[in-house]
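Engineer: Prediction below, plus the sequence it came from.
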Protein chains: 2
Amino acid sequence: MQFTSEQRLDDGVLEREFTLGGIPGVLWTPDSASASAPVPLILIGLPPLGLRRVHARVAARARYYAAEYGFASATIELPGSGDRPRLAATEQARADLRRVMEAGEPVTGEIVDALVLPLVERAVPEWQAALDALLALPEIGGPVGYEGGIISIGIRLAVVDPRIAAANLFAGSFVPAAMVEEARRVTVPLQVLLQWDDEGNDRQASLDLFDALGSKEKTLHANMGGHTGVPHFELDAGARFFARHLS
Amino acid sequence: MQFTSEQRLDDGVLEREFTLGGIPGVLWTPDSASASAPVPLILIGLPPLGLRRVHARVAARARYYAAEYGFASATIELPGSGDRPRLAATEQARADLRRVMEAGEPVTGEIVDALVLPLVERAVPEWQAALDALLALPEIGGPVGYEGGIISIGIRLAVVDPRIAAANLFAGSFVPAAMVEEARRVTVPLQVLLQWDDEGNDRQASLDLFDALGSKEKTLHANMGGHTGVPHFELDAGARFFARHLS
């Protein structure tokens, strides 16, 4: 992991950009983080919009976690997003998705699988490599939480990596049937966000996914509004969930 | 309203029992409450078990609200519960409910209506009278939140009394069809608790009720487990919901 820029923000949070095997990422650490008092870490999964486009929004979350709860946060670019090389299969699946949605046709399981499964296969080992590097820093101590992004990536990461102690997921992306099955193997405490009138997702499918998740402690937070309408107060609700499990 | 006992608890909270028109109740006020700095008020609706049986549990909530958020809390006995005179129609409806549940028969709309509607008709004016008396105390300033108890009572109270500014309801009791319709007229911010495997309630019916509630700001908190398994952390989540709307 190579740090490529470093900036001390006005709330004392240290924002560092890095690259790891060609993958760009950002790490935010609170003023208080030091080798003598290492802090818990939140991995913030991105939507497939590119880090540049969501940087301000993700940085605001990370700064809140740092200032209010003393957590470090980190994110990495998704495979095929932002400045990373495009993935031909993913681009094809996105084009297929756009086509059927514009035509008002149903989104088939084949399209969802093609859109999500290769991304999960690539992204999860990248998150694990990032975690190796981040936990090697003296100021990061764990435990580790995962939040946001593509829920299938969060599910796979929670299943395969025992370093993930809790996850705050957004039931707001297409989920392959195979990942709904895999969800039954998740055991860490979960908080799951659902937008009640999400234009891109079927409410019942999201409720079924919540039902399938295997964790004994799981809480659904369903709010009114569309995909991008998650209320601001859920930021603190997520932070308090992590505080219960990471502090 | 006549205070019948007064006790300063070790966290500085003042617990006062009262009667109002023959109805027993309890008021908890934080140490900080005074005529010069009146505090918001939470009305805590009871289950039909009698105040005596749930006193310790309700007092723990009220003391948390007082100590952590500076809220006053009050509760009154339900019609026909605890030491209050039994209501023949309600007793009959309860016996009918027990009978069909023990026989594994479906709980009909007629039984639910008989169980809940007369209780709503009686309890809501009693809450309003209690609210008149409580808000006349110099140390209580409002705004007012309602929580808990029989959700139909919370719905009616939120619809008819503009002093209710927010409600934290438990989708965990039988709800008459007429009250689901009335739910569409609720406009105050809501938080709604749902136990995912509530043995006494149908999950889909609870989700439909949440959907019907008319408020633009409403959040569902669904947790694993049965009727009495609401996780302890929902106490603070409820308090923070009220803090957003009452402070």
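Structural biologist: Everything's here; your move.
Engineer: Quick one: name the residues of chain A near chain B.
Structural biologist: Taking CB under 8 Å from any CB of the partner chain as the contact definition, chain A meets chain B at A:196, A:207, A:210-211, A:216-224, A:231, A:233, A:236-237, A:240, A:244. Bear in mind the C-beta positions are built from the backbone N, C-alpha and C, glycine included.
Engineer: among the residues you listed, which are in helices?
Structural biologist: Residues from the residues of chain A next to chain B lying in helices, with DSSP state H as the criterion: A:207, A:210, A:211, A:233, A:236, A:237, A:240, A:244.
Engineer: Quick check: closest non-adjacent residue to the fourth one.
Structural biologist: In this case it means residue A:233. Nearest residue to residue A:233, sequence neighbours excluded (CB to CB, 6 or more residues apart in numbering or on different chains): residue B:244, at 6.3 Å.
Engineer: The one you found: what's it in contact with?
Structural biologist: Residue B:244 makes contact with A:233, B:166, B:189, according to CB atoms under 8 Å, 6 or more residues apart in numbering or on different chains.
Engineer: Parallel or antiparallel, which strands does the biggest strand by length in chain A pair with?
Structural biologist: Identified as the longest strand of chain A according to DSSP state E is strand A:140-148. For strand A:140-148, sheet partners with direction are given as strand A:39-45 (parallel), strand A:164-170 (parallel), following DSSP bridges.
Engineer: Show me what it is in contact with.
Structural biologist: Counting contacts by CB under 8 Å, 6+ apart, the residues outside strand A:140-148 that touch it are A:29, A:33, A:38-47, A:71-72, A:127, A:131, A:134-135, A:154, A:157-158, A:163-170, A:238, A:242, A:245-246.
Engineer: Give the PyMOL command for selecting the buried subset of these.
Structural biologist: For selection in PyMOL, the members of those meeting the burial criterion (16 or more other CB atoms under 10 Å in any protein chain shown) are listed in this command:
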select buried, chain A and resi 29+33+38+39+40+41+42+43+44+45+46+47+71+72+127+131+134+154+157+158+164+165+166+167+168+169+170+238+242+245+246
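Engineer: circling back: between the contacts of residue B:244, which sits nearest residue A:90?
Structural biologist: Distances from residue A:90 to the contacts of residue B:244, taken as CB to CB, are shortest for residue A:233 (33.7 Å).
Engineer: Report the central residue of chain A.
Structural biologist: residue A:45 (2.3 Å; CA atoms, centre = their mean).
Engineer: beta partners of it?
Structural biologist: Using DSSP bridges, the beta-bridge partners of residue A:45 come out as residue A:148.
Engineer: re earlier: among the residues of chain A next to chain B, name the buried ones.
Structural biologist: Neighbour counting by 16+ other CB under 10 Å classes A:196, A:207, A:210-211, A:217-224, A:231, A:236-237, A:240, A:244 among the residues of chain A next to chain B as buried.
Engineer: Name the single longest helix found in chain A.
Structural biologist: Under DSSP H, chain A gives helix A:109-135 as its longest helix.
Engineer: and the angle from that helix to strand A:164-170?
Structural biologist: For the pair helix A:109-135 and strand A:164-170, the angle between their directions (axes from the mean of the first three to the mean of the last three CA atoms, to 10 degrees) equals 140 degrees.
Engineer: related to what we said a few turns ago, the residue nearest to the centre of chain A contacts residue A:150, doesn't it?
Structural biologist: Yes. Using CB atoms under 8 Å as the test, residue A:45 is close enough to residue A:150 to be in contact (6.4 Å).
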